[in-house]
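Asker: Here's a sequence, model it:
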Amino acid sequence: MIRNLPALFTLSLFCFLFSCSSPQPKQPRAGVWRASLEMEAGELPFGLEIDPSGDRLKAYLINAEERILIDDIKREGDTLVLPMHIFNNDIRAYLSGDSLLIGTFNKYLPEKTVSLPFKAEASKKYRFSPTSYAAEVNLSGKWATTFYKSNGDSSLAIGLFDQKDQYIKGTFLTSTGDYRYLEGQVSGNTLFLSAFDGDHAFLFQASFLADSVLRGEFWSGKTGYRRWEAKRNELATLPLADTLTRIASADSSFQISFPEYRGGNLEYPSTAYQNKVVIVQILGTWCPNCMDETIFLRDWLKERNYQDVEVIGLAFEYDKDFSKASERVKRMAERLQIPYAIAIAGVPDSTASAKLPMISRIKAYPTSIILDKKGKIRYLHTGFSGPGTGKYFEEWKESFDNKIAALLKE
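Answerer: Okay, here's the model as predicted:
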């Protein structure tokens, strides 16, 4: 044994220096990165903040005031996998050095995967261009907008913009919701806006013309494209969201029985909801506007702490397999800390409306049905205009509060 000590020492030293130590993974630089997706029209930029401090690597998607936390990042060698919070999507990117990420944004649909090239560079805080012409026009205000599809169909919206020098933010309000947080710049007489929230990828460009009209193009995702035109109009209006979905008939009663994602059945009427005002939320985990409404309902329930108000979630998921759909809803419920029951109600296709025959049809996600204490449908609201719409969101919250308060007094 004594004669073998030098050899054992040499072997141990070799193991320590070469084979027993693992190289430390590369660490991305902390701070704000300029990220982008490559669209047919060019780059769609968005903000990405990376925080390597603490036990786990974290990141935030940034669009105007919105910061979406990505905190379940995985490493595969020098490749980072960033799951897009509640959505069934991710970014997979190779880390070159500490300041460059190159890869793809992947959207995992039931029948296929759609991908877009992704790139992010550290310490670049500009969105569209580091050098641009001074803004020749201020686009702040309200714009009556029309979007045109290639087949000739059109839809109305209201552009809501807030500009300071070259910087501009805003959204488009529609009858069934909004385009959430858009951010960009005005260079000369040209408008650039973009947003990426982990699911929707929006890119807008328009020119301000001599007749005080904005005329431009809108790209979404892999193949979405529309032309659009807008004219400043502070009095522009849209059809009321409370009138887009109707009660099927005066004597329609609200009755449901769907499997809950955690097991068992979610039923109405039942003793759990007896003599209570009930808000039925029709949603999907694939729907960013549903995410906004869910966060609102979560916080509203906590703030109001009503003992005789309940929320029921009915999820329509693209995964027809119940276990897969349940896993998606479970992930959303855990990530958003949802305090109410959610059932798997079906698939968001032409069959969805048949699952709820007491209303005319499901025209948009989310849709809310408010029942009084006797189970009668009192209000229907199609879509959801979230915090990105500013005062319109505040006005809707006040109206919602008043409706619930009135039903509780009955």
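Asker: mind listing what residue 364 touches?
Answerer: By CB atoms under 8 Å, 6 or more residues apart in numbering, the contact set of residue 364 is 176, 177, 244, 382, 383. Where C-beta positions appear, they are placed from N, C-alpha and C, glycine not excepted.
Asker: Which residues are in contact with the closest residue to the last one other than its chain neighbours?
Answerer: Once its chain neighbours are removed from consideration, residue 383 has its nearest residue in residue 176; the separation is 3.2 Å (CB to CB, 6 or more residues apart in numbering). Going by CB under 8 Å, 6+ apart, residue 176 touches 241, 244, 363, 364, 382, 383.
Asker: my read: the second one touches residue 175, true?
Answerer: Spelled out, that is residue 244. Yes. The criterion here is CB atoms under 8 Å, and residue 244 meets it with residue 175 at 6.2 Å.
Asker: shared neighbours of these two, anything?
Answerer: 382, 383.
Asker: what's the spacing between stretch 311-322 and its chain's center?
Answerer: Centroid separation between stretch 311-322 and its chain, computed with CA atoms, centre = their mean, to the nearest Å, is 17 Å.
Asker: Give the buried residues for it.
Answerer: Buried residues in stretch 311-322, defined by neighbour count with 16 or more other CB atoms under 10 Å: 311, 312, 313, 314, 315, 316, 317, 318, 319.
Asker: Find the helix or strand that the fifth one is a member of.
Answerer: This means residue 315. strand 309-316 (DSSP states H and E).
Asker: which residues are contacting that strand?
Answerer: By CB under 8 Å, 6+ apart, strand 309-316 touches 256, 258, 261, 266, 268, 272-273, 276-285, 294, 297, 301, 325, 329, 338, 340-348, 352, 356, 362, 365, 404, 408.
Asker: Format the CA atom coordinates belonging to that strand as CSV.
Answerer: Output of strand 309-316 as CSV, limited to C-alpha atoms (Å, rounded to 0.1, in the frame of the first residue of the first chain):
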residue,chain,number,x,y,z
VAL,A,309,-69.6,36.1,-4.9
GLU,A,310,-68.0,33.3,-6.8
VAL,A,311,-66.2,32.9,-10.1
ILE,A,312,-66.4,29.8,-12.3
GLY,A,313,-63.9,29.4,-15.1
LEU,A,314,-64.8,27.4,-18.3
ALA,A,315,-61.6,26.7,-20.3
PHE,A,316,-61.8,25.9,-24.0
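Asker: Tell me the strands beside that strand, with direction?
Answerer: Strand 309-316 pairs in its sheet with strand 277-283 (parallel), strand 341-346 (parallel), by DSSP bridges.
Asker: Could you point out the helix or strand that follows the first one?
Answerer: What that stands for is strand 277-283. Heading C-terminal from strand 277-283 (DSSP H and E), you reach helix 288-304.
Asker: out of the buried residues of stretch 311-322, who's nearest residue 216?
Answerer: residue 318 (30.9 Å; CB to CB).
Asker: Tell me the spacing between the closest one and residue 166.
Answerer: For residue 318, the distance to residue 166 equals 40 Å [CB to CB, to the nearest Å].
Asker: Then residue 34?
Answerer: Counting by CB to CB, the gap from residue 34 to residue 166 is 16 Å.
Asker: Those two - which one has more neighbours?
Answerer: A count of neighbours by other CB atoms under 10 Å puts residue 34 above the other of residue 34 and residue 166, at 20 against 17.
Asker: Which residue is the nearest non-sequential neighbour of that one?
Answerer: residue 124 (3.6 Å).
Asker: can you count the residues close to the one you found?
Answerer: 16.
Asker: likewise residue 73?
Answerer: Per other CB under 10 Å, the neighbour tally for residue 73 reads 18.
Asker: Which stretches in the stretch 101-250 of the chain count as strands?
Answerer: 113-122, 141-148, 154-164, 167-174, 177-178, 182-187, 190-196, 201-208, 213-220, 224-232 (DSSP state E, counting those that start in this stretch).
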